[in-house]
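Enquirer: what would the 3D arrangement of this be:
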Amino acid sequence: MDINSINKIFDMSGMGLLVEDANRKIKFTNQKFVEFMQIDSKPEDMVGFDCALNAKYAKHLFADPDKFEFDIIDIPKKCLPTDEIIQMANGTYFKRMYSAFFLENGSYDNVWVYQDVTITVEKSLEIERQKEFYLNILDEIPADIAIFNDKHKYLYLNRIAVENEETRNWLIGKDDFEYCEHKNIDSKLANLRRSWFNEAVNNHKPFQKVDEVKKPDGTIKYVLRIFHPIYNKQNELTYVVGYGIDITDQYETAIFIENQNLRFKKLINGLTDGVFQIGVDGKLIFYNHAILDIIKSDVNNLLGYFDFKTVSNLTNKSIDNLYKLFKKVAANQASENGILAFEFKDKSIKYIDYYFWFSSNPVDGDCVIGRISDVTLQKLRENDLKSIIHKEKELNNLKSHFINITSHELRTPLAVIMSSAEIIDMILSKPNLDQKIKPENYTTKILAEVNRITDILNDLLIVGQIESGKIKFKPEPVNIKEYIEKIVTENYSTYKDGRSIDYRVQEDGRKVQLDKNLMRHVILNLIENAFKYSPNKPAPILEVLQTANELKISVKDYGIGIPKKDMENLFQTFYRASNVGNISGTGVGLMIVEHAIQTHNGRIELDSKVGEGTTITTYIPINNVNDTKHADTKG
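Expert: Sure thing, here's the model as predicted:
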């Protein structure tokens with residue numbers, strides 16, 4: 001890949017790139033790096049500048065100028081990869097990545113990559129602030145609150161539940177049995193609370209019980225214990241929230257509950273998630289303020305009616321989808337969750353994460369409760385991040401191509417194997433069947449298709465080895481004529497359609513240093529493609545010419561040819577020409593060919609015309625092969 005392509009890729013991905021030599025002289029930088037560092041020069045004008053010196057002029061852009069200048073000088077001395085977040089003076093954040101790229105001459109280049117991660121860092125900081133905020137709220141709620149995992153182990157206790165901080169911290173990860181043993185008290189309390197926990201979990205609903213607690217002065221206070229199981233979208237128990245309310249004095253309890261209700265409403269209305277409750281008759285029973293923002297409602301008071309006035313700003317299609325979802329939950333008395341696209345009449349769209357479930361209670365009767373969250377910004381940010389991470393996107397594309405091609409290419413041979421196996425089974429189970437039906441006819445088909453599958457998997461395995469750089473280059477002296485004739489005779493003396501390859505070998509008797517395994521893939525792939533893409537045409541021609549300086553291998557066919565627009569991408573992994581139609585293929589053969597030829601320090605020429613045929617010619621220099629060289633990784 002040339003430097004312009006690299007420059008274009010990094011600019012498109014939003015990353016800044018700087019490459020300097022071991023003497024700290026700039027060899028290459030891109031436009032994004034220049035923009036990030038606020039440099040009033042073109043990237044190409046930076047070549048040759050002293051990077052360490054330039055750091056002195058740029059350090060004022062960073063929140064910690066001295067550390068930045070120190071790192072720029074110190075990090076390359078160690079030649080160790082680094083990956084860190086740095087803050088700019090203007091409040092933005094960058095991920096700075098450094099690695100030393102060692103060259104074949106023993107020297108090395110310093111490679112610096114800068115990526116704007118301001119959104120990600122600010123989101124992380126906001127999450128931490130929210131976490132602290134909610135923990136403070138839980139500690140201030142006038143009730144003892146405990147959160148358990150599915151094994152009844154404590155995950156969280158607020159200060160009201162256990163005032164002593166040392167004891168509270170000790171209890172995390174333990175249960176009431178361990179507490180009773182620690183305090184050397186009867187485990188009756190632990191057994192009782194375990195039974196309440198199991199009652200809530202087994203019945204998939206909150207369980208409450210009045211607990212008698214003996215105070216230090218000998219008096220009894222009564223605490224209403226409630227265990228509330230929480231389940232995820234897969235209906236798996238995630239944790240159980242336990243809380244206790246002192247109901248010794250009914251008056252104080254009533255005041256306490258009222259205050260809790262006010263706090264609850266304040267907390268709910270402070271949420272960005274919309275929460276609502278609708279009766280099965282369509283009347284709105286409860287909602288929080290976030291609902292109004294999410295659905296862009298112009299109505300201030302929505303209680304007492306639904307009648308679609310609450311969603312009047314939505315398009316009819318979105319209203320219909322929402323109403324169908326509501327009716328489905330109410331009719332099935334079940335839960336539904338997912339993401340809806342709210343389309344508004346002003347042409348805007350919001351993506352809404354929702355969870356609706358059916359509920360029935362003596363006060364409100366049958367109703368549907370729901371939680372909706374506006375995840376539009378989240379989805380947009382996710383899309384932005386995905387576009388930045390170019391390599392991950394490329395990997396996902398490769399995986400997708402791999403699945404599509406392997407599923408398509410394996411379907412036919414597997415179907416032949418299955419049908420042949422069924423016929424063999426029928427023959428074996430019916431000895432008196434027509435003797436003309438021979439099992440060996442079908443075992444031959446099975447073996448042929450197994451070989452076909454093996455060839456496909458071998459090609460894919462080689463691609464994986466190439467991508468991971470695990471293929472070793474092992475050249476050895478090869479007699480060209482004998483080598484070519486052996487491959488052709490063993491594999492293409494007669495093609496399956498009756499044609500035979502027309503091959504011509506001109507050599508001078510000298511042996512050539514080749515990796516026989518890699519070159520075998522080259523020849524087989526080129527010949528197989530020539531036959532496959534030239535059905536009902538004259539047989540392909542293989543020409544091998546050994547000169548004083550190079551080995552030329554050319555395969556010509558008279559087939560469908562290759563469209564000009566496809567030629568540039570033809571050697572990419574899984575890429576196939578747009579005119580192949582139903583002709584089978586994985587799109588990895590030419591990628592393997594290119595890798596093998598490049599490993600031999602050779603080159604490839606492609607000449608093709610649609611409807612007339614294709615000629616692919618490879619050139620390998622003679623006496624210019626390093627037998628200790630490893631195969632490069634294509635990338």
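Enquirer: all helices of the stretch 51-200 of the chain, in order?
Expert: Using DSSP state H, counting those that start in this stretch, the helices of the stretch 51-200 of the chain run over 51-58, 65-78, 118-140, 165-171, 176-183, 188-203.
Enquirer: let me have those in CSV, adding mean pLDDT, distance to Ile462 and mean neighbour count as columns.
Expert: From N, CA and C alone the C-beta is placed, and that goes for glycine too. Below are the helices of the stretch 51-200 of the chain laid out as CSV (pLDDT from 0 to 100; distance: least, Cβ to Cβ, whole Å; neighbours: other Cβ atoms under 10 Å):
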stretch, mean pLDDT, distance to Ile462, mean neighbour count
helix 51-58, 87, 40, 16
helix 65-78, 92, 37, 15
helix 118-140, 89, 38, 12
helix 165-171, 92, 56, 13
helix 176-183, 92, 57, 15
helix 188-203, 92, 53, 15
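Enquirer: export those helices to JSON lines and tack on distance to Ala330?
Expert: Supplementary listing: these in JSON lines, determined by distance: least, Cβ to Cβ, whole Å:
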{"stretch": "helix 51-58", "distance to Ala330": "63"}
{"stretch": "helix 65-78", "distance to Ala330": "60"}
{"stretch": "helix 118-140", "distance to Ala330": "32"}
{"stretch": "helix 165-171", "distance to Ala330": "42"}
{"stretch": "helix 176-183", "distance to Ala330": "40"}
{"stretch": "helix 188-203", "distance to Ala330": "23"}
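Enquirer: out of those, nearest to Lys379?
Expert: When the helices of the stretch 51-200 of the chain are compared by Cβ to Cβ, helix 118-140 sits nearest Lys379, at 13.3 Å.
Enquirer: elements contacting that closest one?
Expert: strand 93-102, helix 376-388 (3 or more Cβ pairs under 8 Å, 6 or more residues apart in numbering; DSSP states H and E).
Enquirer: what does that helix rub up against?
Expert: Residues outside helix 118-140 that contact it (Cβ atoms under 8 Å, 6 or more residues apart in numbering): 85, 91-93, 145, 156, 158-160, 267, 381, 384-385.
Enquirer: out of the helices of the stretch 51-200 of the chain, which is closest to Asn479?
Expert: The stretch from the helices of the stretch 51-200 of the chain with the least distance to Asn479 (Cβ to Cβ) is helix 65-78; that distance is 50.2 Å.
Enquirer: now the closest one against helix 51-58, angle please.
Expert: 170 degrees (axes from the mean of the first three to the mean of the last three Cα atoms, to 10 degrees).
Enquirer: so which elements touch helix 65-78?
Expert: Using 3+ Cβ pairs under 8 Å, 6+ apart, the elements in contact with helix 65-78 are helix 51-58, strand 93-102.
Enquirer: TSV for those, including distance to Asp109?
Expert: Listed next are those as TSV, based on distance: least, Cβ to Cβ, whole Å:
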stretch	distance to Asp109
helix 51-58	11
strand 93-102	5
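Enquirer: Thr614: which of the ones you listed is closest?
Expert: strand 93-102 (37.5 Å).
Enquirer: for Phe286, the count of nearby residues, please.
Expert: 16 (other Cβ atoms under 10 Å).
Enquirer: what does Tyr503 give?
Expert: By other Cβ under 10 Å, neighbour count at Tyr503 equals 20.
Enquirer: any idea which helix or strand carries it?
Expert: strand 502-506 (DSSP states H and E).
Enquirer: for the helix or strand following that strand, name the packing helices and strands.
Expert: As assigned by DSSP H and E, the chain's next helix or strand after strand 502-506 is strand 512-514. Applying 3+ Cβ pairs under 8 Å, 6+ apart, we find strand 512-514 packed against strand 476-478.
Enquirer: relative to Pro475, which of the helices of the stretch 51-200 of the chain is closest?
Expert: Once these are compared by Cβ to Cβ, helix 65-78 is nearest, at 36.4 Å.
Enquirer: ok, and what's touching that closest one?
Expert: For helix 65-78, contacts defined as Cβ under 8 Å, 6+ apart pick out 20, 24, 51-52, 55-56, 58-59, 62, 82, 86, 98, 100, 110.
Enquirer: what residues of the helix or strand hosting Tyr239 count as buried?
Expert: Per DSSP H and E: Tyr239 is located in strand 237-246. Neighbour-count burial for strand 237-246, counted by 16 or more other Cβ atoms under 10 Å, picks out Tyr239, Val240, Val241, Gly242, Tyr243, Gly244, Ile245, Asp246.
Enquirer: wait, the second one touches Phe227, no?
Expert: Read it as Val240. Yes: counting by Cβ atoms under 8 Å, Val240 touches Phe227, with 5.6 Å between them.
Enquirer: which neighbours do these two share?
Expert: Shared contacts of Val240 and Phe227 (Cβ under 8 Å, 6+ apart): Phe197, Ala200.
Enquirer: is it possible to get CSV of the contacts of helix 65-78 that adds distance to Leu551?
Expert: Shown next, in CSV, are these (distance: Cβ to Cβ, whole Å):
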residue, distance to Leu551
Glu20, 40
Arg24, 43
Cys51, 44
Ala52, 48
Ala55, 50
Lys56, 55
Ala58, 52
Lys59, 56
Phe62, 56
Thr82, 45
Ile86, 52
Tyr98, 42
Ala100, 37
Asn110, 39
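Enquirer: okay, now Asn158: neighbour count?
Expert: 20.
Enquirer: for Gly244, see how far away it is.
Expert: Plainly put, Asn158 is 11 Å away from Gly244 if you go by Cβ to Cβ, to the nearest Å.
Enquirer: report the set of residues contacting both of the two.
Expert: Taking Cβ under 8 Å, 6+ apart as the criterion, Asn158 and Gly244 both touch Asp144.
Enquirer: work out for me the element the nearest residue to Arg225 once chain neighbours are set aside sits within.
Expert: Once flanking residues are discounted, Arg225 sits nearest to Asp211: 4.6 Å by Cβ to Cβ, 6 or more residues apart in numbering. Using DSSP H and E, Asp211 falls within strand 207-214.
Enquirer: run the angle between that strand and strand 237-246 for me.
Expert: 50 degrees.
Enquirer: any idea how far strand 207-214 is from the chain center?
Expert: Relative to the centre of its chain, strand 207-214 is centred 48 Å away, using Cα atoms, centre = their mean, to the nearest Å.
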